[in-house]
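Asker: Mind folding the following:
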Amino acid sequence: MVPDTFWMDIFGSKHTGFCSEFNTFLASKLKERRSRWSFKKWLSDPKSKSAHLFVFIWLLLFAMTGGFIFYNTNVLNDFWTEAEKNKFRVGYEKTLKQFEYIPQPKIISTNLKIDLFPSKDLMK
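Answerer: All right, here's what the predicted structure looks like:
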């Protein structure tokens, strides 16, 4: 199973993210041609076809990962700001404040009959 923070780590982490890979690539290209580097010349240079492919794939993955994160955090799930979270918590506490000192039910005793089957990883 993928951990909850996997996509966030890929998208924005300094160590494993797309940004660091792209920055490393860009820095190496700029260092080689630091005097008069231009994007137009780089695009038309036939020697840079593999670099063009790398940049295209990187931008595509970056956009897809960002879209995936946005879709999951804002479309599928409600995204609450800190102010909204605090407002919900305050309302929750105000609603239940009246029950603060009322005696709560307690478990006095239980009677369980359980059959364990460790070889089958089962209980009945």
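
Asker: residue ranges for the helices of this structure, please.
Answerer: 6-12, 18-32, 39-44, 49-70, 82-96 (DSSP state H).

Asker: For this structure, give me the ranges with low pLDDT.
Answerer: Where the chain drops to pLDDT under 70, the residues are 1-22, 26, 29-37.

Asker: picking up where we left off before, packed most tightly, which of the helices of the chain would that be?
Answerer: Among those, ranked by average contacts under mean count of other Cβ atoms under 10 Å, first place goes to helix 6-12 (a mean of 15). No exception for glycine: its C-beta is placed from N, CA and C like everyone else's.

Asker: Reformat the helices of the chain as CSV; add distance to I114.
Answerer: Converted to CSV, the helices of the chain look like this (distance: least, Cβ to Cβ, whole Å):
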stretch, distance to I114
helix 6-12, 37
helix 18-32, 51
helix 39-44, 70
helix 49-70, 43
helix 82-96, 35
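
Asker: Compare these and give me the one nearest I108.
Answerer: I108 lies closest, by Cβ to Cβ, to one member of the helices of the chain: helix 82-96, at 24.7 Å.

Asker: contacting residues around that closest one?
Answerer: Outside helix 82-96, the residues within contact range by Cβ atoms under 8 Å, 6 or more residues apart in numbering are W80.

Asker: next one: it to chain centre, how far?
Answerer: Offset of helix 82-96 from its chain centre (Cα atoms, centre = their mean, to the nearest Å): 26 Å.

Asker: Contacts for stretch 104-119, please.
Answerer: Residues from elsewhere that reach stretch 104-119, judged by Cβ under 8 Å, 6+ apart: 122-124.

Asker: can I get the CA coordinates of it in CSV?
Answerer: These are the backbone C-alpha positions of stretch 104-119, laid out as CSV (Å, rounded to 0.1, in the frame of the first residue of the first chain):
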residue,chain,number,x,y,z
GLN,A,104,-21.2,8.2,31.5
PRO,A,105,-22.1,4.5,31.1
LYS,A,106,-19.3,2.1,32.2
ILE,A,107,-18.7,-1.5,31.3
ILE,A,108,-19.0,-3.6,34.4
SER,A,109,-18.3,-7.1,33.1
THR,A,110,-18.2,-9.1,29.9
ASN,A,111,-18.7,-12.7,29.0
LEU,A,112,-16.9,-13.8,25.8
LYS,A,113,-16.6,-17.2,24.2
ILE,A,114,-13.9,-17.1,21.5
ASP,A,115,-12.4,-20.0,19.6
LEU,A,116,-8.9,-19.1,18.2
PHE,A,117,-7.5,-20.9,15.2
PRO,A,118,-3.9,-19.5,14.8
SER,A,119,-3.0,-21.8,11.9
